[in-house]
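J.: My questions are about this predicted structure, shown below with the sequence.
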Amino acid sequence: MNWKITLSEPDIGIEELEAVKKVFASNWFTMGSITLDFENKFAQMTNTKYAFAVTNCTAALHLANLALGIIEGDEVIVPALTFVASANASRYTGAKVVFADSISENDLTVCPEHIESLITERTKAITVVHYAGFSCDMKAVLNIAKKYDLKIIEDCAHSPLAQCELDGGKLYLGGIGDIGCFSFFGNKNMTTAEGGMITTNDDELATKLKLLRSHGMTSLTFDRHKGHQSGYDVVSLGLNYRIDELRSAIGLVQLDKLENFNEQRREVFKLYVKYLSGNDNIIVPFKDRDLNLATPHIMPVIVKNSIEKIKSALKEAGIQTSKHYDLIPTFTLYRDEPFTSQIEHIENILTLPMSQKLTEEDVKYICCVINSI
Ligand SMILES: Cc1ncc(COP(=O)(O)O)c(C=O)c1O
């Protein structure tokens, strides 16, 4: 399809290409010094003690579940409204996933009261998702975790450098719960094509995550290449979820641009709010949030009536849309658990284009089409 406006667009160019060329010139491609730089910079920018680069966010989420000791028979509470990877990552361990509803049509993040009502003696962890780049109610989630002695995994795939207000200060997401998981997939606020990062402030978890990322081995090929280590032991049943120097080089450049990308996305979000403000048929979730803390990643709106008509009109106008998301418990794999959302029109989410490359003219055009129905 030849879209006039695509749903998302990577913002990647000559600087990233130059960085990749340098990796070719170095003739070292697997995890090495560039990855270490990428990790250190990410940890510094998110104000976390440790950051480990991985193949993707799904791998990060899987490692998070493993490092937290989630096993068969455990239960993990996950939002119903998220990408399926947030739930699958717990299923890989044999744990049962229990789904929590969103707060409201205006705030689609996970509802803390509903989380609390789902807790049983088997519950081990809560995975929260900072949906669309807007923080969950972390204060409430932290209180619940403390009360019931639960672990918190923050799925930050949509929220690199987003923050939330806590105890009178602003904290970066991904460093508030036990483990944070980030995605650098091609449609994300920053990209390495495929890629991800895992963050923690906990020394013990950091040791486990690092081992689990690479076969449970006590040294890397790079350590041995540098002569720092001559052999290795295998101390846990790890995986190969390593990133590589090519992606890390791209990631370092993208990290330099990320603040700017996020700022541009906030401007696009504001334009949508402006041009959809007179339309009573459209709810723009999060429009009352402090946008300075957010990193708009996708642009979900709720269409009260005539969603099919609006979708067709947008398609006709060359505007790509999507739906983030079908609720996970509606998928065949997860249908065994009865789940009914209390959020009116939640099945009518329509995702509009969002990227830092969108102009005011683009947003005006998209909203004009919607407002014409
Ligand atoms: C909320 C959420 N979690 C996890 C993922 C998985 O990320 P990745 O594609 O990097 O594995 C995504 C991907 O879109 C996502 O949106």
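T.: That came through, no problem. Only a predicted model underlies this, so the values are computations on that prediction, with no experimental measurement involved. Residues are numbered from 1 along each chain as shown.

J.: C-alpha from now on. contacts and neighbour counts both.
T.: OK.

J.: Just give the closest residue to Phe38, not the sequence neighbours.
T.: Spatial nearest neighbour of Phe38, excluding adjacent residues (C-alpha to C-alpha, 6 or more residues apart in numbering): Leu252 at 5.4 Å.

J.: any idea how far that neighbour lies from the ligand?
T.: To the ligand, Leu252 is 17 Å away according to C-alpha to the nearest ligand atom, to the nearest Å.

J.: buried residues in the one helix or strand that residue maps to?
T.: For Leu252, the host element (DSSP states H and E) is helix 245-276. For helix 245-276, the neighbour count (16 or more other C-alpha atoms under 10 Å) marks 245-255, 258-259, 261-269, 271-273, 275-276 as buried.

J.: same question for that helix, mean pLDDT?
T.: Mean per-residue pLDDT for helix 245-276: 98.

J.: where's it relative to the chain centroid, distance-wise?
T.: Mean-position distance between helix 245-276 and its chain equals 14 Å (C-alpha atoms, centre = their mean, to the nearest Å).

J.: so who does the residue nearest to Phe38 touch?
T.: Counting by C-alpha atoms under 8 Å, 6 or more residues apart in numbering, Leu252 touches 37-38, 41.

J.: now, which of the residues you listed lie within helices?
T.: The members of those that map onto helices under DSSP state H are 37-38, 41.

J.: Confirm for me that Arg122 is in contact with Asp74.
T.: Yes - in this structure Arg122 lies within contact range of Asp74 using C-alpha atoms under 8 Å: 5.1 Å.

J.: Have a look at these two and say which one is more surrounded.
T.: Asp74 (20 against 12; other C-alpha atoms under 10 Å).

J.: Would you point out which residue of the stretch 151-300 of the chain is nearest the ligand?
T.: Ser183 (4.0 Å; C-alpha to the nearest ligand atom).

J.: who's that residue bridged to?
T.: Beta-bridge partners of Ser183, counted by DSSP bridges, are Gly196.

J.: Which residues are in contact with Gly32?
T.: Contacts of Gly32 by C-alpha under 8 Å, 6+ apart are 222, 244-245.

J.: oh sorry, the question was meant for Lys210
T.: Counting by C-alpha under 8 Å, 6+ apart, Lys210 touches 52, 216.

J.: could you say which helix or strand contains it?
T.: Using DSSP H and E, Lys210 falls in helix 203-213.

J.: Next, the buried residues of that helix.
T.: 205-206, 208-213.

J.: How confident was the prediction at Lys147?
T.: 98.

J.: residues in contact with it?
T.: If a contact means C-alpha under 8 Å, 6+ apart, then Lys147 has no contacts.

J.: What backbone torsions are found at it?
T.: phi -60, psi -40 (degrees, to the nearest 10).

J.: can you pull the alpha-carbon coordinates of stretch 272-291 into CSV?
T.: What follows is stretch 272-291 as a C-alpha-only set of coordinates in CSV (Å, rounded to 0.1, in the frame of the first residue of the first chain):
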residue,chain,number,x,y,z
TYR,A,272,-3.8,16.0,17.8
VAL,A,273,-5.4,17.3,21.0
LYS,A,274,-5.8,20.7,19.4
TYR,A,275,-7.3,19.5,16.1
LEU,A,276,-9.6,16.8,17.7
SER,A,277,-10.8,19.0,20.6
GLY,A,278,-14.1,19.9,19.0
ASN,A,279,-15.0,16.3,18.2
ASP,A,280,-17.3,14.7,20.8
ASN,A,281,-17.1,11.4,19.1
ILE,A,282,-13.3,11.0,19.9
ILE,A,283,-11.7,10.6,23.3
VAL,A,284,-8.0,11.4,23.3
PRO,A,285,-6.6,9.4,26.3
PHE,A,286,-4.0,11.1,28.5
LYS,A,287,-4.8,14.6,27.2
ASP,A,288,-4.9,15.9,30.8
ARG,A,289,-1.6,14.4,31.8
ASP,A,290,1.6,16.4,32.3
LEU,A,291,3.0,15.9,28.8
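
J.: Could you tell me how far it lies from the centre of the chain?
T.: That offset, for stretch 272-291, works out to 22 Å (C-alpha atoms, centre = their mean).

J.: A strand includes Ala43, no?
T.: No - under DSSP: H, G, I helix; E, B strand; the rest coil, Ala43 falls outside any strand and is assigned helix.

J.: Without its sequence neighbours, what residue ends up closest to it?
T.: Nearest residue to Ala43, sequence neighbours excluded (C-alpha to C-alpha, 6+ apart): Ala51, at 5.2 Å.
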